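Asker: sequence? don't have it. structure:
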């Protein structure tokens, strides 16, 4: 389908949505999508203070990008590994791109995304004898997980060069981390005020670690801009694949589907799926609404959740993320031993994988799972940029169609408040905790 | 709660199930659970030919276990890394235990669980200069993914020692892989006839790679036996935590809950969650029924799916998997920089993590998500064995309560048949494919 990629490096195949979701049903939402697109463009909706991502080429200036690239190059030359300390949007976007595109994703490792003593202890052991750069990413500097990890991991950086090897990505004007950076002389990059965490991958939040990993960030931004330009040119879901995706999700939800499964056949897209779950889960999962976002790595999970998807409760819709070309050549060798595979000898592994995808899309549709496919021309920075923007703007439109604020996450505070009470954090200790006593099944 | 661990190294806290799921509702299912337990014990149910896992200490004889340990030791001494080639149950069980318990989980790597040319190419590059053992795991030897991976990866093993470094885990009496093993002189271990893939972790399927990774398999089996003995002693769900879990799931499903989220606060349990999803998804996800099994790694995903769990569509139930003790000591250091964390200086990271769990369980329950917690006394082989058996027998009981065969997976064949057609596999090429032409959103 090369002609599909004339304008964008990604394309949307909607053939297997029918019969549950028809083009007519999507077309019925043209006016609603247009209305919502208007709200988004005019900043006339709840959360409109967080739409700085809409024009990806304006998030960072050319000067800031050049500075960021220089910092990344300096750190990559002077260290063996970068430790990125962050959680949620300060973690998942960078990791999604690095795992998908870097030649050696292992050069970037992560902390502050959990509170496991075992994980951090093992990580420290791995660093023995290595030169470590740290990029600590936090708008406020006081989020519990990254703050703990930063305290624990700081000693990894040789005292004599500490200042040069720590970079803080944080608020431009205020906050604990900015204060610490000024005091200690660390270089800083900005978490923009008008972009929420889960939309921040194309700001310094994601781009510094991505550049450290050796990924060219110019085509990443160019891909996002190509998708932004197309989306700005028409709000018609029948001509705009991101808006079609948003409208189709709305149809599914209204039709009673409860779960959207995002499925890839390429393991290095695993963290892109994780990033997508945060994007949609946090943007839409409120006011007792929304499709539950789940993900599977195929063909691995065809031998796991595949059974459920094929024959379980019929509340599933599915979206495939497929890499069409550019995969390394690896042919299936001859074998003198019996394994039932002789009919595939000499074939490319990627060809067999693509047929597995086609078979799965067909079988799941036959099983009552409407599905769409997002094709990537190939898995490179340009396609990835377009894909990121595709999901971001589709998520905003989809959320606004549900009449929720797609840019807040009020529910994330609930466990934090409980935790601060239990830990006796100043300002929280007086409130009574709802924690109840364990009730064990006796045996 | 140490007294809870008198008989078993795991315990079930059901306090946060109410009000949606009450002990009374579970008690109402006592007769049904007893009936189903009887079917299971007497082998009087669909799939009863696959209950060889019921007595974990009888799956392998002492002689076979000694032989397996000797093989694992020989391979561990003579090689740097073991490549396990398998998919589904021939992959997930071993990986779940190894990632959770091994000192160096990286000594075992995996192939045949996907068809990514990129993955396999990168894997081959990683093996440069390494001495590699291969354990190929397949009942038939003809499953597409592992058969391809085995062909591609075999050349990694030095030709002169190939025979000694390849071990095939396969059918005892027949099949392509057994034929190849006999022809080539590879050592073999048995995939039992009476144990399906997703229940096979405590057979040679899981135990050989587990032993290679340096994990003592005796306590693993002893833990499973302890749980088996308790389950054999009473079928009352109020006295048997595995049966309580099964009955509570049945209540949830009947009450209209659609998704069970299994949540861990320990990253090294990630693949145990993956194993659980196969176990429940394949066992129950049929005849348009069952809770959809999803998983989250907390606290990571509290900053992702946490929002949805707290405030999204109210169809979620949750089960926590919590490690109570034995975690490495790691205290939060003092810091001269501001980060709002001074109230935690000197505290154990594992203490803060445990409070995050308690806060999450409380907050989610307040948000309308009934939840249970499975406590592990500590994360060791004995607890892991008990946990594996807990989930296995609870899954059988839960599936039988839904009146499905918990031991087949008919839906897994659907994509395979389509794929064989598309690939022109002998015997499939004549049937017409349902594959339709792509229908792109034009732009």
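Answerer: Thanks, I have it. If you're wondering where the values come from, they're calculated on a predicted model, not measured in any experiment.
Asker: Can you classify residue A:179 as helix, strand or coil?
Answerer: helix (DSSP: H, G, I helix; E, B strand; the rest coil).
Asker: wait, what's in contact with residue A:303?
Answerer: B:87, B:88, B:89, B:91, B:113, B:145, B:197, B:278, B:412 (C-beta atoms under 8 Å, 6 or more residues apart in numbering or on different chains). From N, CA and C alone the C-beta is placed, and that goes for glycine too.
Asker: burial count for the third one?
Answerer: Neighbouring residues of residue B:89 were enumerated by other C-beta atoms under 10 Å in any protein chain shown; the total is 28.
Asker: Test my guess that it contacts residue B:203.
Answerer: No. Contact criterion C-beta atoms under 8 Å: residue B:89 and residue B:203 do not qualify, at 9.9 Å.
Asker: returning to what we had before: which of the contacts of residue A:303 fall in strands?
Answerer: Applying DSSP state E to the contacts of residue A:303, no entry is found in strands.
Asker: for the residues you listed, which one is nearest residue B:176?
Answerer: residue B:145 (14.6 Å; C-beta to C-beta).
Asker: was I right about that closest one contacting residue A:301?
Answerer: No. Assessed by C-beta under 8 Å, residue B:145 is found out of contact with residue A:301, at 11.7 Å.
Asker: show me what contacts whichever residue of the stretch 51-200 of chain A sits closest to chain B?
Answerer: At 3.0 Å from chain B, residue A:88 is the closest residue in the stretch 51-200 of chain A, using C-beta to the nearest C-beta. Contacts for residue A:88 (C-beta under 8 Å, 6+ apart) come out as A:197, A:198, A:278, B:303, B:304.
Asker: Check residue A:190 too.
Answerer: By C-beta under 8 Å, 6+ apart, the contact set of residue A:190 is A:64, A:169, A:170, A:171, A:172, A:203, A:204.
Asker: likewise residue A:250?
Answerer: A:29, A:32, A:398, A:401, A:402.
Asker: Quickly list what's touching both of residue B:145 and residue A:301.
Answerer: Common neighbours of residue B:145 and residue A:301 (C-beta under 8 Å, 6+ apart) do not exist.
Asker: which bits of the stretch 101-250 of chain A sit near chain B?
Answerer: A:113-121, A:140-142, A:144-145, A:147-148, A:150-152, A:154-155, A:176-177, A:179-180, A:183-184, A:197, A:230, A:234, A:237-241, A:244 (C-beta under 8 Å from any C-beta of the partner chain).
Asker: Filter those down to the buried ones, PyMOL style.
Answerer: Per 16 or more other C-beta atoms under 10 Å in any protein chain shown, the buried members of these correspond to this PyMOL selection:
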select buried, chain A and resi 113+114+115+116+117+118+119+120+121+140+141+144+145+147+148+150+151+152+154+176+177+180+197+230+237+238+240+241+244
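Asker: Inside helices: which ones of the residues of the stretch 101-250 of chain A next to chain B?
Answerer: A:117-121, A:144-145, A:147-148, A:150-152, A:176-177, A:179-180, A:183-184, A:230, A:241, A:244 (DSSP state H).
Asker: now whichever residue of the stretch 151-300 of chain A sits closest to chain B, nearest residue through space, not along the chain?
Answerer: The nearest approach of the stretch 151-300 of chain A to chain B comes at residue A:285, 2.8 Å away (C-beta to the nearest C-beta). In space, and not counting its chain neighbours, residue A:285 is closest to residue B:308: 2.8 Å by C-beta to C-beta, 6 or more residues apart in numbering or on different chains.
Asker: Next: residue A:268.
Answerer: In space, residue A:268 is closest to residue A:100, 5.1 Å off (C-beta to C-beta, 6+ apart).
Asker: Make sure I have this right: the one you found is in a strand.
Answerer: No. Counting by three-state DSSP, residue A:100 is not part of a strand but helix.
Asker: residue contacts, it?
Answerer: For residue A:100, the contact set (C-beta under 8 Å, 6+ apart) comprises A:268, A:269, A:271, A:272, A:379, A:384.
Asker: Could you report the neighbour count for residue A:174?
Answerer: Neighbours of residue A:174 (other C-beta under 10 Å): 12.
Asker: Against residue B:129, how distant is it?
Answerer: 51 Å (C-beta to C-beta, to the nearest Å).
Asker: all strands of the stretch 301-443 of chain A, in order?
Answerer: A:316-325, A:371-378 (DSSP state E, counting those that start in this stretch).
Asker: Name every strand pairing with the longest one and say which way it goes.
Answerer: Meaning strand A:316-325. strand A:259-264 (parallel), strand A:371-378 (parallel) (DSSP bridges).
Asker: what would those strands look like in a markdown table with distance to residue A:416, mean pLDDT and mean neighbour count?
Answerer: Formatted as a markdown table, these follow (distance: least, C-beta to C-beta, whole Å; pLDDT from 0 to 100; neighbours: other C-beta atoms under 10 Å in any protein chain shown):
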| stretch | distance to residue A:416 | mean pLDDT | mean neighbour count |
| --- | --- | --- | --- |
| strand A:259-264 | 27 | 98 | 25 |
| strand A:371-378 | 34 | 97 | 21 |
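Asker: In CSV: those, plus distance to residue A:429.
Answerer: As requested, the strands paired with strand A:316-325 are exported to CSV (distance: least, C-beta to C-beta, whole Å):
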stretch, distance to residue A:429
strand A:259-264, 40
strand A:371-378, 48
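Asker: closest to residue B:334 out of those strands?
Answerer: strand A:259-264 (43.1 Å).
Asker: So which residues lie in contact with that closest one, not counting its own?
Answerer: A:249, A:252, A:270, A:272-273, A:276-277, A:280, A:291-298, A:301, A:305, A:309, A:315-322, A:360, B:258-259, B:292.
Asker: quick revisit: now, of the contacts of residue A:190, which are buried?
Answerer: For the contacts of residue A:190, buried by 16+ other C-beta under 10 Å: A:169, A:170, A:171, A:203, A:204.
Asker: In helices, which of those fall?
Answerer: residue A:204.
Asker: Can you tell me which of the buried ones among the contacts of residue A:190 comes closest to residue B:416?
Answerer: residue A:203 (43.8 Å).
Asker: Any figure for the gap between the closest one and residue A:189?
Answerer: For residue A:203, the distance to residue A:189 - C-beta to C-beta - is 8 Å.
Asker: So which helix or strand of chain A has the lowest pLDDT on average?
Answerer: helix A:162-165 (a mean of 85; mean pLDDT, DSSP states H and E).
Asker: Pull the distance from it to the chain's centre.
Answerer: Centroid separation for helix A:162-165 versus its chain: 29 Å, with C-alpha atoms, centre = their mean, to the nearest Å.
Asker: same check, this time on stretch A:139-157
Answerer: The answer for stretch A:139-157 is 22 Å, by C-alpha atoms, centre = their mean.
Asker: now do the same end-to-end measure for that stretch.
Answerer: 22 Å (C-alpha to C-alpha, to the nearest Å).
Asker: And for stretch A:178-192?
Answerer: Using C-alpha to C-alpha, the end-to-end distance of stretch A:178-192 comes to 13 Å.
Asker: Chain A - how does it break down into domains?
Answerer: A:10-45+A:223-401, A:53-218 (automatic domain parsing).
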